[in-house]
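> kindly return the folded structure for what I paste below:
(one chain, ligands or ions: 3)
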Amino acid sequence: MVTSSYFCYFLVHCRWHAVSSWTWDAQDETCGICRMAFDGCCPDCKLPGDDCPLIWGACNHAFHLHCILKWVNSQSAQAHCPMCRREWQFKE
Ligand SMILES: [Zn+2]
Ligand SMILES: [Zn+2]
Ligand SMILES: [Zn+2]
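Ligands and ions are numbered 1, 2, ... in the order given. Presented below is the predicted three-dimensional model:
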């Protein structure tokens, strides 16, 4: 029956999406600071996912949260985006 097979397909699809829900929707595929892939984690973390989130700046560049925090803390004055050199601000 057409309706029930469609329903099965829908269920399988939803489950697949739930499993891979931590893949991020970023423009670039690698972090501009550590050069690791966004579907992996930063060098300080062992497991990708919610423990090593991505963060976007006001300039729309994305980095691992841990990488940009390290970067911001290493700057003596106002931090600038490592990619475009605009003043770094976390996107609201
Ligand atoms: Zn990184
Ligand atoms: Zn991390
Ligand atoms: Zn930027």
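> helices along the protein, start to end?
2-19, 65-74 (DSSP state H).
> compare the ones you listed and say which comes out lowest on pLDDT.
Among those, helix 2-19 has the lowest mean pLDDT, at a mean of 49.
> I'd say residue 63 and residue 52 touch.
No: assessed by CB atoms under 8 Å, residue 63 is found out of contact with residue 52, at 10.9 Å. All C-beta spots, glycine's among them, are computed from the backbone N, C-alpha and C.
> those two: which is more packed in?
residue 63 (26 against 20; other CB atoms under 10 Å).
> start and end of stretch 57-75, how far apart?
Separation of the first and last residues of stretch 57-75 by CA to CA, to the nearest Å is 16 Å.
> what parts of this structure come near ligand 3?
Contact residues, the chain versus ligand 3 (CB under 5 Å from the ion): 59, 61, 81, 83, 84.
> check contacts around the residue lying closest to residue 33 once chain neighbours are set aside.
Once flanking residues are discounted, residue 33 sits nearest to residue 67: 3.9 Å by CB to CB, 6 or more residues apart in numbering. Contacts for residue 67 were tallied using CB atoms under 8 Å, 6 or more residues apart in numbering; they are 31, 33, 34, 42.
> distance-wise, check residue 80 relative to residue 37.
Distance, residue 80 to residue 37, by CB to CB, to the nearest Å: 24 Å.
> which of those two has more neighbours?
Higher neighbour count among residue 80 and residue 37: residue 80, with 16 against 13, using other CB under 10 Å.
> from residue 38, how far out is the more buried one?
Going from residue 80 to residue 38 by CB to CB gives 21 Å.
> now swap in residue 49 and tell me
11 Å.
> what about these two, which has more around it?
The neighbour count for residue 49 versus residue 38, taken as other CB under 10 Å, is higher for residue 38 (20 against 14).
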